[in-house]
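> The sequence and its predicted three-dimensional model are supplied below.
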Amino acid sequence: MSRIGRKPITVPAGVDVTIDGSTVTAKGPKGTLTGTFNKNMTIAKDGDTITVTRPNDEKENRSLHGLTRTLISNMVEGVHTGYSKTLEIVGIGYRANMQGKDVVLSVGYSHTVTMAPPEGITITVPSPNQIVISGPDKQLVGQFASEVRGVRPPEPYKGKGIRYADEHVRRKEGKAGKGGK
């Protein structure tokens with residue numbers, strides 16, 4: 001049995017989970033998420049726990065077992081507490097600010113870069129060199145944070161660019177230079 005797949009998912013108070021065949025809908029204080037999973041996986045709700053079982057030990061079913069359980073668990077946690085990613089902007093003159101719901105980045109280009117968040121994602125800029133992206137969908141939060149980071153990824157010589165708050169950028173030494181002349 002899958003170590004992850006056999007763990008039951010505990011549904012916290014305030015979250016309503018509806019199972020309709022292979023479609024799971026989770027409603028909570030942070031929003032509503034719906035996911036459709038492989039029809040081979042059996043998803044059952046018993047009180048405040050959800051269990052995922054597989055029909056047999058074929059390779060495809062074994063690989064889908066833990067994945068399905070983790071995706072449902074992420075949906076339940078997302079509508080209950082939500083997910084967030086913090087990005088830091090490093091560099092002289094590099095900054096971010098809000099313009100309505102969009103974030104405007106000034107990161108060393110001749111123009112500013114305006115990025116609109118997808119539906120369900122909220123952006124806050126607590127300081128000019130910090131961006132917080134949050135929402136109930138873990139995949140969507142991570143994807144948009146990656147797109148924002150991709151505007152100006154951190155470079156290894158001076159460390160300038162947009163990075164995750166917990167990211168460590170390996171620094172390089174630069175040119176050694178010749179001794180004489």
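Received it, and whenever you're ready, just let me know what you need. Residues are numbered from 1 along each chain as shown.
> What is the burial count for the residue nearest to P55 when sequence neighbours are not counted?
In space, and not counting its chain neighbours, P55 is closest to N40: 5.8 Å by Cβ to Cβ, 6 or more residues apart in numbering. Bear in mind the C-beta positions are built from the backbone N, C-alpha and C, glycine included. A count of nearby residues for N40, using other Cβ atoms under 10 Å, gives 15.
> helix or strand for V76, which one?
Per DSSP states H and E, V76 falls inside helix 59-80.
> Quick one: list the elements packing against that helix.
Based on contacts counted as 3 or more Cβ pairs under 8 Å, 6 or more residues apart in numbering; DSSP states H and E, the elements that helix 59-80 packs against are strand 9-10, strand 23-28, strand 31-36, strand 49-53, helix 138-151.
> Nearest approach to G66 belongs to which of the ones you listed?
The closest approach between G66 and any of these, judged by Cβ to Cβ, belongs to strand 49-53 at 8.6 Å.
> And for the residue nearest the centre of the chain, nearest residue in space, chain neighbours not counted?
With distances taken as Cα atoms, centre = their mean, G142 lies nearest the centre of the chain, 2.6 Å away. Leaving aside its sequence neighbours, G142 sits nearest to K85 (Cβ to Cβ, 6+ apart; 6.5 Å).
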